[in-house]
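>>> Attaching a predicted model along with its sequence, questions to come.
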Amino acid sequence: MKPSSSVTAVTLAAFALISCAGDRPEHSSESAEDHASEKHETDSVFLEDLTWVEVGDAIASGKTTVLIPTGGVEQNGPHMALGKHNAILEVTMEQVARRLGDALVAPIIAYVPEGEIDPPTRHMRFPGTISLPQEQFTKLVEFPARSLRVHGFRDIVLIGDSGGNQDGMGQAADLLNAEWARTDVRVHHVEEYYAANGFREWLLTQGETEEAIGRHGGISGTSQLMAAAPEMIRTDLLAPNGGYEGSGVGGDPTRASVEYGRKGLEMKIAVAVSRIEELRDSAR
C-alpha cells in the first residue's frame with residue numbers, strides 16, 4: 001500500500017463505459033447512472049491502487065502517459081534494507097506523475113540485473129540479492145510496455161533507479177520504437193533521472209568529498225532512503241565503508257542526512273519531469 005499521507009481524495013465522475021484501444025471485458029446492459037451510487041473516491045496515481053474502470057476512465061480523460069519504474073533487490077550494506085531502490089521510486093514516481101498531471105505509474109519492476117548467479121558476482125555475493133540476466137530483464141521491461149499500449153497509453157516511460165538497469169531499458173525502448181514507428185505510441189527511456197540528476201555534483205558543493213560520497217551505500221543512497229523510508233535504515237550500523245572490508249559499502253553513510261536526501265529526491269523528480277515533457281513534445 002502506498003503512503004496515505006500523500007493522497008488527497010477527490011470525487012470521481014460516475015463510472016461509465018468508455019472506448020479505448022484494445023478489448024475490454026464484457027459488461028452488462030446496466031447504464032452508468034445505475035452505478036452512480038457505487039463510485040469511490042481515490043486520488044492514487046498507482047495502477048495497483050485502481051480498478052480497471054478507473055484506469056480506463058483516466059486514459060479517456062487524457063492520462064495517456066505511464067511510467068514503468070525499475071528498482072532492484074540488492075545489498076546496500078549492513079545499514080540499508082535490500083529494497084532501497086523500490087522505496088525511493090515509490091516516492092519519486094508519485095511526484096513525477098502528479099507534476100506531469102496526465103500520468104499513471106505501473107508496478108515497480110524489482111527483479112533486475114545484479115550480477116552473475118553461478119558463480120555469483122557483484123551484488124549476488126551478498127545474501128538476499130535477486131538477479132536476472134540482461135536478456136530476461138529486457139523482456140521483463142518490454143512486455144509491460146506492450147500490455148499498456150493495448151489499453152491506450154501513448155507515452156510509455158522507462159525509468160530506473162539503478163545503473164545496472166539502464167542498458168536493458170534502452171534496448172527495450174529501441175526495439176519497441178522501431179516496431180511502433182508508424183504509430184502514435186512512443187517509448188521514452190529517461191536515463192537522466194539516474195545518471196544526470198546533478199545530486200552528486202551538488203553534494204560536492206556542500207563540502208563533501210568523492211571518497212565520502214562513494215559509489216554504493218554512501219552519502220547519496222543513504223540520504224535518499226532516510227528521506228523516503230527512514231524505517232529501512234539501521235542507524236546503529238552506520239559506519240564509513242560499512243565498518244569493515246567486504247561490507248558492500250563504498251563511501252561514508254555517517255555523513256548522510258534527511259536534508260541531503262530531500263534535495264536528492266527533488267533533483268531526480270525535477271529532471272525526470274523536465275526530460276519526459278521534452279521527449280513527449282519532440283515525439284509529436
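Okay, I see it.

>>> Do I have it right that residue 186 meets residue 178?
No - taking contacts as CB atoms under 8 Å, residue 186 lies outside contact range of residue 178: 11.4 Å. Backbone N, C-alpha and C define where each C-beta goes, glycine included.

>>> and those two? which has more neighbours close in?
Neighbour count, other CB atoms under 10 Å: between residue 186 and residue 178, residue 186 has more, with 19 against 8.

>>> ok, for that one, nearest residue in space, not its chain neighbours?
residue 283 (4.3 Å; CB to CB, 6 or more residues apart in numbering).

>>> you'd agree the one you found is up against residue 155?
Yes - between residue 283 and residue 155 there is a contact under CB under 8 Å: 7.3 Å.

>>> Between these two, which contacts overlap?
186, 188 (CB atoms under 8 Å, 6 or more residues apart in numbering).

>>> Those two: which has the busier surroundings?
More neighbours surround residue 155 than the other of residue 283 and residue 155, with 21 against 14 (other CB under 10 Å).

>>> Verify the stated contact: that one with residue 186.
Yes - in this structure, residue 155 is within contact of residue 186 by CB under 8 Å, at 5.9 Å.

>>> what's the overlap in contacts for those two?
279, 280, 283.

>>> Can you pull the phi and psi angles for residue 186?
phi -130, psi 140 (degrees, to the nearest 10).

>>> What residues does it make contact with?
154, 155, 156, 177, 180, 279, 280, 283.

>>> top helix in the chain by residue count?
helix 258-283 (DSSP state H).

>>> Show me what it packs onto, helices and strands only.
helix 84-100, strand 155-160, strand 186-189, helix 192-195, helix 199-205, helix 219-228 (3 or more CB pairs under 8 Å, 6 or more residues apart in numbering; DSSP states H and E).

>>> so where is this protein shaky, pLDDT-wise?
Scanning the chain for pLDDT under 70 picks out 1-41.

>>> helix, strand or coil for the most centrally placed residue in it?
Closest residue to the average C-alpha location of the chain: residue 69 at 3.0 Å, with CA atoms, centre = their mean. When classified by DSSP: H, G, I helix; E, B strand; the rest coil, residue 69 comes out as strand.

>>> Please apply the same query to residue 75.
Residue 75 - assigned by three-state DSSP - is coil.

>>> What segments of the stretch 101-250 of the chain are helices?
134-150, 166-179, 192-195, 199-205, 210-213, 219-228 (DSSP state H, counting those that start in this stretch).

>>> Of all those helices, which one is nearest residue 79?
helix 219-228 (7.0 Å; CB to CB).

>>> what packs against the closest one?
Applying 3+ CB pairs under 8 Å, 6+ apart, we find helix 219-228 packed against helix 84-100, helix 199-205, helix 210-213, helix 258-283.

>>> hey, which of these is tucked in deepest?
Among the helices and strands packed on helix 219-228, helix 84-100 has the highest mean neighbour count (mean count of other CB atoms under 10 Å), at a mean of 22.

>>> Touching it from outside, list them.
Residues contacting helix 84-100 (CB under 8 Å, 6+ apart): 2-3, 6, 45-46, 65, 67, 69, 71-74, 76, 81, 103-105, 108, 110, 159, 161-162, 193, 221, 224-225, 227-229, 232, 265, 268-269, 272-273, 276-277.

>>> switch to 6 Å and redo it
45, 67, 69, 71-72, 76, 103, 105, 108, 110, 161-162, 224-225, 228-229, 232, 265, 268-269, 272-273 (CB atoms under 6 Å, 6 or more residues apart in numbering).

>>> and residue 51, which of the helices and strands packed on helix 258-283 is closest to it?
helix 84-100 (17.6 Å).

>>> gap between the nearest residue in space to residue 262 that is not next to it in sequence and residue 266?
The shortest distance from residue 262 to any residue other than its chain neighbours is 4.7 Å, reached at residue 227 (CB to CB, 6+ apart). Applying CB to CB, to the nearest Å, the value for residue 227 to residue 266 is 9 Å.

>>> and the gap between the closest residue to residue 146 other than its chain neighbours and residue 225?
Nearest residue to residue 146, sequence neighbours excluded (CB to CB, 6+ apart): residue 176, at 7.4 Å. Distance of residue 176 to residue 225, computed by CB to CB: 32 Å.

>>> Of the two, which one has the most company?
residue 225 (30 against 20).

>>> Contacts only, for the more buried one.
By CB under 6 Å, 6+ apart, the neighbours of residue 225 are 80, 84, 232, 233.

>>> now, the most widely separated pair of these?
84 and 233 (9.3 Å).
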